[in-house]
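> all I have is the shape, not the residue letters:
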């Protein structure tokens, strides 16, 4: 039987410095996470050996550094990341940004931090 999920009934976690995520779907073959990044915060530059990702901005403005090029993303926009591509999600705005990130497959040992 399907279960309706939202950020109030799924696993929550904190990453980096006061950034939060909610596992909306947590399977090895597919991960769907809702995340929020406060103003001025970012993740570490990294890549995934096998995981393909798609980031979709729900609210706010963010920058995705992808292979050394900055892409500005606004609400309603998204960007795909292929396996092996070095990337870093950044909130360079003065406001909270919320987004969805989909990863397939999602394996714990797949992420390789660069910085």
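Yep, it's here. Just so it is clear, the model here is predicted, and its values are computed rather than measured. Numbering: from 1, shown residues only.

> the nearest residue to residue 60 once chain neighbours are set aside and residue 63: what is the separation?
In space, residue 60 comes closest to residue 97 once its chain neighbours are excluded; the distance is 3.3 Å by C-beta to C-beta, 6 or more residues apart in numbering. Every C-beta, even on glycine, is put in place using the N, C-alpha and C of the backbone. Going from residue 97 to residue 63 by C-beta to C-beta, to the nearest Å gives 10 Å.

> anything in contact with each of those two?
residue 91 (C-beta atoms under 8 Å, 6 or more residues apart in numbering).

> next one: residue 115 from residue 53, what distance?
Relative to residue 53, residue 115 is positioned 18 Å away (C-beta to C-beta).

> contacts only, for the closest residue to residue 94 other than its chain neighbours.
In space, and not counting its chain neighbours, residue 94 is closest to residue 39: 5.0 Å by C-beta to C-beta, 6+ apart. Applying C-beta under 8 Å, 6+ apart to residue 39 gives the contacts 91, 93, 94, 95, 96.

> if we use 6 Å, what do you get?
Going by C-beta atoms under 6 Å, 6 or more residues apart in numbering, residue 39 touches 91, 94, 95.

> now, which of those sits nearest residue 14?
Nearest to residue 14 among the contacts of residue 39 is residue 91, at 15.3 Å by C-beta to C-beta.

> so that closest one makes contact with residue 61?
No - in this structure residue 91 lies outside contact range of residue 61 using C-beta atoms under 6 Å: 7.9 Å.
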